[in-house]
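1. This is a predicted model, with the sequence first.
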Amino acid sequence: MSRHLARVAVVTGLVASIGVSTGAWAAEISISCSALGKEYEICKQGVDAWAKKTGNTVKIVSTPNSATERLALYQQLLAAGAGDIDVFQIDVVWTGTLSKHLVDLTGKAQGVIDQHLPTVIETSRVDGKLMAMPWFADAGLLYYRKDLLETYKRPVPETWGDLTETARLVQEGERKAGRNDFWGYVWQGRAYEGLTTNALEWIASYGGGTIVDEKGEITIDNPNAAQALKTASGWVGTVTPEGVLNYTEEESRGVFQAGNAVFMRNWPYAWALAQGGDSTIKDKVGIAPLPKGGADGRHAGTLGGQLLAVSKYSKNADAATDLVMYLTGPEEQKRRAIEGSFNPTIIALFKDPDVMKANPFIGDLLDVFTNAIARPASVTRDNYNKVSTEFFNNVHEVLSKRAQPEQALSRLDRDLKRVKRSGW
């Protein structure tokens, strides 16, 4: 297993050792960090500070950008009882799936739990035990080009119909001006967890539910969900490039940040990069809630974010836990918010003057996070990955024009009932 991890590290990123002491008394901790956008760099700075403070050594393992591939790697390592990684960066929907391999942090977190967003704390709990600590919060957002909306005299879209119309208008205008590679709207359409988050937003915005409701009932086969998928399918090849069917967060950000799209759906991390000194769209970008499905719809951003968890197989669990508490504490969360636009999970930081100056939109996001749409991970528990995989594969069939929405949702309903047959 150690050889496997080393091979993955070579393929997906660098394993970096950080520390000021390598004496026998010092612990060596390994932590998995995503390399999405600025995540690796910001993570490295945080663990470097902890290593310097404590005299321990930290190895950073960069993991695949694809959430689906990252979860598969984690499951392979943990199922083998491998201690290669002490601290795991996990998605908010993985806690239930991985909980039997994680250390209960309830005792260590007493006194600080109430500082965090309740919606994110709930994703960290399994059977009342805190199996991970919230690190940063996410929700799907709409990015738009302020300058182009002003040029074409269009408001920020309130509904998906508004977005479609404006995307087409601006795209046509820019292409007439000779920009043949310009598109109206880019998002995440690859068959992976990112498509689950996008499609859930479309469906919830039309009043189509959340795939499985809080009681565990499968609700996805309904007309509102079908209408949402029909709308999204209509974008592909018209205002959205067909290549979006293989886009993750970074591919869509690349198109938008190069100045080749008027709208983008992405997570908050993209703000700092869009505002970077080398960005062609610096100071030209605005952020808004994702559009509603219609006049009777709602703004729906999928709740995302990342947690930090300690492996039950860690040989240095106490030091690993100390690292987790440091990285998820207020000082480090504030630094990450300022330097990387990673939204804090500590409520007080949403009103911190320094954080607000670096992220002018941060105050509006507290409501977005509080009302975000949760994926049905808590209710489906160990089966969530199967539920999500069935969902995004069927949605991808619709977007690829290989299935009609009604046909795909009926098949999905049947397949999810088969998964549920033995109970969630």
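-> Good, I have the coordinates. Numbering: from 1, shown residues only.
2. can you give me the helices in the stretch 201-350 of the chain?
-> Assigned by DSSP state H, counting those that start in this stretch, the helices in the stretch 201-350 of the chain fall at 223-235, 249-257, 270-274, 317-327, 330-340.
3. I'd like to know which of those lies nearest to residue 83.
-> helix 317-327 (9.9 Å; C-beta to C-beta). Every residue, glycine included, has its C-beta placed from N, CA and C.
4. Quick one: work out the angle between the closest one and helix 330-340.
-> Angle of helix 317-327 versus helix 330-340, following axes from the mean of the first three to the mean of the last three C-alpha atoms, to 10 degrees, is 60 degrees.
5. what mean pLDDT does helix 317-327 have?
-> What helix 317-327 shows for mean pLDDT is 98.
6. elements contacting it?
-> strand 28-34, helix 39-54, strand 87-91, helix 106-109, strand 133-139, strand 303-310 (3 or more C-beta pairs under 8 Å, 6 or more residues apart in numbering; DSSP states H and E).
7. and the ones you listed as TSV, adding mean pLDDT and mean neighbour count?
-> Shown next, in TSV, are those (pLDDT from 0 to 100; neighbours: other C-beta atoms under 10 Å):
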stretch	mean pLDDT	mean neighbour count
strand 28-34	95	23
helix 39-54	96	18
strand 87-91	96	26
helix 106-109	96	15
strand 133-139	95	26
strand 303-310	95	27
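8. Make a markdown table out of those and add distance to residue 69.
-> Output for these, formatted as a markdown table (distance: least, C-beta to C-beta, whole Å):
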| stretch | distance to residue 69 |
| --- | --- |
| strand 28-34 | 11 |
| helix 39-54 | 15 |
| strand 87-91 | 12 |
| helix 106-109 | 29 |
| strand 133-139 | 19 |
| strand 303-310 | 16 |
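9. Need the helices of the stretch 201-350 of the chain in a markdown table (columns: mean neighbour count and distance to residue 306).
-> Putting these into a markdown table (neighbours: other C-beta atoms under 10 Å; distance: least, C-beta to C-beta, whole Å) gives the following:
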| stretch | mean neighbour count | distance to residue 306 |
| --- | --- | --- |
| helix 223-235 | 21 | 26 |
| helix 249-257 | 21 | 13 |
| helix 270-274 | 22 | 15 |
| helix 317-327 | 21 | 11 |
| helix 330-340 | 20 | 11 |
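10. out of those, nearest to residue 416?
-> Smallest distance to residue 416 across the helices of the stretch 201-350 of the chain (C-beta to C-beta): 12.7 Å, for helix 223-235.
11. Only alpha carbons, please: show that closest one as CSV.
-> Only the C-alpha atoms of helix 223-235 are listed here, as CSV (Å, rounded to 0.1, in the frame of the first residue of the first chain):
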residue,chain,number,x,y,z
PRO,A,223,-41.7,16.7,-13.8
ASN,A,224,-39.8,19.6,-12.2
ALA,A,225,-36.5,17.6,-12.2
ALA,A,226,-37.1,16.7,-15.8
GLN,A,227,-37.7,20.3,-16.7
ALA,A,228,-34.4,21.3,-15.0
LEU,A,229,-32.4,18.7,-16.9
LYS,A,230,-34.1,19.7,-20.2
THR,A,231,-33.0,23.3,-19.6
ALA,A,232,-29.4,22.3,-18.9
SER,A,233,-29.3,20.0,-21.9
GLY,A,234,-30.3,22.9,-24.1
TRP,A,235,-27.3,24.9,-23.1
